[in-house]
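Chemist: dropping a prediction and its sequence here:
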Amino acid sequence: MARKSGGRKYGKKASQKVERAMHERKRGTLRSGRSGKKVTSRKQAIAIGLSEARRAGGKVPSKSRSRSSSRQKSASKRK
C-alpha cells in the first residue's frame, strides 16, 4: 500500500489561531462575524480559527465541498 509522504496538514499559524479562538470561546468573548452573536459551539470556534488562519496566509487545506450539492449539479447537467 502506498502511503502519503509525511508533512503537516495544518501549519503553525492555524494552530495558534484555533487556540486563540478556543480561549475566547471559553471566556465567552468569541463572536461570529456576520451576526455578532456569541459563539458557544466548539466546532464553530475551530472553524473561525481556521478561516482566520486562511486569511492570514497560514497553511490550511481549502474548505471541503459538500457532496450533495455537487451531485445535484451533475444531475442537472445530464437532463
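Modeler: Cool, the structure landed. Numbers count the residues shown, from 1 in each chain.
Chemist: how about stretch 17-28: buried residues?
Modeler: Across stretch 17-28, burial judged by 16 or more other C-beta atoms under 10 Å covers 17-18, 20-22, 24-25. Just so you know, the C-beta spots here come from the backbone N, C-alpha and C atoms, and that holds for glycine as well.
Chemist: now do stretch 25-43
Modeler: Buried residues in stretch 25-43 (16+ other C-beta under 10 Å): 25, 30, 39.
Chemist: count of neighbours near the nearest residue to residue 10 once chain neighbours are set aside?
Modeler: Leaving out its chain neighbours, the residue that sits closest to residue 10 by C-beta to C-beta, 6 or more residues apart in numbering is residue 60, at 5.9 Å. By other C-beta atoms under 10 Å, 21 other residues sit near residue 60.
Chemist: which residues touch the longest helix anywhere in the chain?
Modeler: Longest helix in the chain, counting residues (DSSP state H): helix 12-27. For helix 12-27, the surrounding residues in contact (C-beta atoms under 8 Å, 6 or more residues apart in numbering) are 30, 39-40, 42, 45-46, 48-50, 52-53, 56-60.
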